[in-house]
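J.: sequence and predicted structure are below.
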Amino acid sequence: MKILDIYLARSVLTGVIVALLIICAIDWLGDLFYQVGRMNDGDKFSDVLVLTLLDIPHKLFEFLPSSMLIGTLFSLGQFAASSELVAVGAGGYSRLRVGVISCIAGLLITIVLSVVVEAYVPVSDKISLAMQQNEREDILLTSDESYWVRDQNRFIRIGRAVSQDLLNELAIYSFNQSGEIESISEAESAVRKQGVWQLNNYRSSRFEGNKVIAEMLEFQPVPKLFLSSFLQSVTSDPFKMSMQRLSEYIFYLEDNHLDAREYRVALFKRMAVPFVGLAMLLLALPLVFRPRQLGGAGQRLMIGIVIALLAHLIVEVIANGAIVYQLSPVLVAFLPVVIILACSMVAFKFTR
């Protein structure tokens, strides 16, 4: 039995990986053609190519549930077409055991991919920013998660850009036209509200002749901190942020009574992806065990592709609806799991 378990698990793993790579390759090509169509005269194709390649791990995680369904149908469907499942069942190998082994294989690839994506996000952000640094004059230097930005006669150091509206550990150095330093300002954090930046725990030292004028304020509004396009280059959409950064930003927004619904939906959606994937894998089993008279492997695979597309569309619609209609992020994230599992149970009743 152990040899058969390994053989079955390896087949499911291979099917899921192949399906995942094919789906992501198709989506990547579409994204590449779209980005090429938006290229300006000064843009380089090599830069566009690398930036789209950096997005592949996010796509792998996003399309994992669909690949679970299609890959399982592809691998186990071949067993069913060649009557291997019938022979295995005659030898005492139950459908429950097939489902358990398939879920273990799916869980393995889910854990590995989740860890890889979580560790990859900070690295991809640094690489993307370093590439854009060579094409922008306002970004001078990047070091770890710190950024140096130039805005006319000011040099701003950002300790960490949590999101497009939240920055931590700021230091602002202002110079006059002669190149002499005028002031040094520091802030624990900066948050953007309605287009205006608010510096928290603001401390400033202004140099006037032989005097140094110190100032300390709890809040200091600043209409313009630097080019807003800079933040778009160092932060990404919520689903592509790491779990740590999402949690940190959600805590800040809620602590300051700000709307964190979009980021909470992204956080719970990330947490629900593995469960959606396993539910999709279970949904593939009734299609595998259905009688051969109702269709062969090709028909099974086509049905699986249609179901995967519909499920992916439903998940996206529900997630977007949560933001618009202020639904519970937990309910929205895990509702597809419940729906898919219910469909699996109903489908199992029609198999013999």
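T.: Perfect, I can see it now.
J.: residue 146 pairs with what?
T.: Under the criterion DSSP bridges, residue 146 forms beta bridges with residue 143.
J.: what does the one 4 residues further on give?
T.: For residue 150, the beta-bridge partners under DSSP bridges are residue 155.
J.: lowest-confidence helix or strand of this structure?
T.: Using mean pLDDT, DSSP states H and E, the weakest-scoring helix or strand in the chain turns out to be strand 139-143, at a mean of 47.
J.: strands of the protein, start to end?
T.: Secondary structure of the chain (DSSP state E): strands at 139-143, 146-151, 154-163, 166-175, 181-193, 196-208, 211-222.
J.: and the last one, C-alpha only, in CSV?
T.: Extracted C-alpha coordinates of strand 211-222, given in CSV (Å, rounded to 0.1, in the frame of the first residue of the first chain):
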residue,chain,number,x,y,z
LYS,A,211,21.1,79.5,16.5
VAL,A,212,19.3,76.2,16.4
ILE,A,213,15.5,76.4,16.9
ALA,A,214,14.0,73.1,18.0
GLU,A,215,10.4,72.2,17.6
MET,A,216,8.4,69.2,18.8
LEU,A,217,4.8,68.5,17.8
GLU,A,218,2.6,65.5,18.2
PHE,A,219,1.1,66.1,14.7
GLN,A,220,2.5,68.1,11.8
PRO,A,221,0.5,68.3,8.5
VAL,A,222,2.5,68.5,5.3
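J.: can you pull the buried residues of it?
T.: Buried residues in strand 211-222, counted by 16 or more other CB atoms under 10 Å: 220, 222. Bear in mind the C-beta positions are built from the backbone N, C-alpha and C, glycine included.
J.: got the angle for that strand vs strand 196-208?
T.: Going by axes from the mean of the first three to the mean of the last three CA atoms, to 10 degrees, strand 211-222 is angled at 170 degrees with respect to strand 196-208.
J.: show me the shaky parts of the stretch 51-200 of the chain.
T.: Applying pLDDT under 70 to the stretch 51-200 of the chain flags residues 79-93, 122, 125-126, 128-145.
J.: how about a cut-off of 80?
T.: For the stretch 51-200 of the chain, applying pLDDT under 80 flags the ranges 51, 76-99, 118-153, 160-165, 193-195.
J.: you'd agree residue 225 is up against residue 197?
T.: Yes. Assessed by CB atoms under 8 Å, residue 225 is found in contact with residue 197 at 4.5 Å.
J.: okay, these two: which has more neighbours?
T.: Set side by side, residue 225 and residue 197 show more neighbours around residue 225, with 22 against 19, by other CB atoms under 10 Å.
J.: list the contacts for the more buried one?
T.: 151, 156, 190, 197 (CB atoms under 8 Å, 6 or more residues apart in numbering).
J.: widest-spaced pair of the residues you listed?
T.: With CB to CB as the measure, no two of these lie farther apart than 151 and 190, at 13.4 Å.
J.: more neighbours: which of these two?
T.: residue 190 (23 against 15).
J.: nearest residue to the residue nearest the centre of the chain in space, please, no chain neighbours.
T.: Among the residues of the chain, the one closest to the centroid is residue 240, at 3.0 Å (CA atoms, centre = their mean). In this structure, residue 240 finds its nearest non-sequential neighbour in residue 58, 5.1 Å apart by CB to CB, 6 or more residues apart in numbering.
J.: same check, this time on residue 247
T.: residue 267 (6.8 Å).
J.: hang on, the earlier thing: so the residue nearest to residue 240 touches residue 241, yeah?
T.: No. If you go by CB under 8 Å, residue 58 and residue 241 don't touch, sitting 10.1 Å apart.
J.: and the helices in this structure?
T.: Using DSSP state H, the helices of the chain run over 2-37, 45-54, 56-62, 64-81, 84-90, 95-133, 228-234, 243-255, 261-289, 297-325, 329-349.
J.: isn't residue 51 right up against residue 35?
T.: Yes. The criterion here is CB under 8 Å, and residue 51 meets it with residue 35 at 7.4 Å.
J.: relative to residue 185, how far out is the spatially most distant residue from the centre of the chain?
T.: Relative to the centre of the chain, and counting by CA atoms, centre = their mean, the farthest-placed residue is residue 210 at 52.6 Å. Distance from residue 210 to residue 185, counting by CB to CB, to the nearest Å: 20 Å.
J.: residue contacts, residue 216?
T.: So, once contact is read as CB under 8 Å, 6+ apart, residue 216 ends up touching 202-204.
J.: which of these ranks first by neighbour count?
T.: Using other CB under 10 Å as the neighbour criterion, residue 202 leads the contacts of residue 216 with 21 neighbours.
J.: pLDDT wise, what is it at?
T.: Residue 202 is assigned 91 on the pLDDT scale.
J.: the closest residue to it other than its chain neighbours pairs with what?
T.: Spatial nearest neighbour of residue 202, chain neighbours left out: residue 220 (3.8 Å); criterion: CB to CB, 6+ apart. Using DSSP bridges, the bridge partners assigned to residue 220 are residue 199.
J.: residues near residue 5, how many?
T.: Residues lying near residue 5 (other CB under 10 Å) number 16.
J.: what's the answer for residue 268, then?
T.: Per other CB under 10 Å, the neighbour tally for residue 268 reads 20.
J.: related to what we said a few turns ago, which of the helices of the chain sits most buried?
T.: helix 64-81 (a mean of 25; mean count of other CB atoms under 10 Å).
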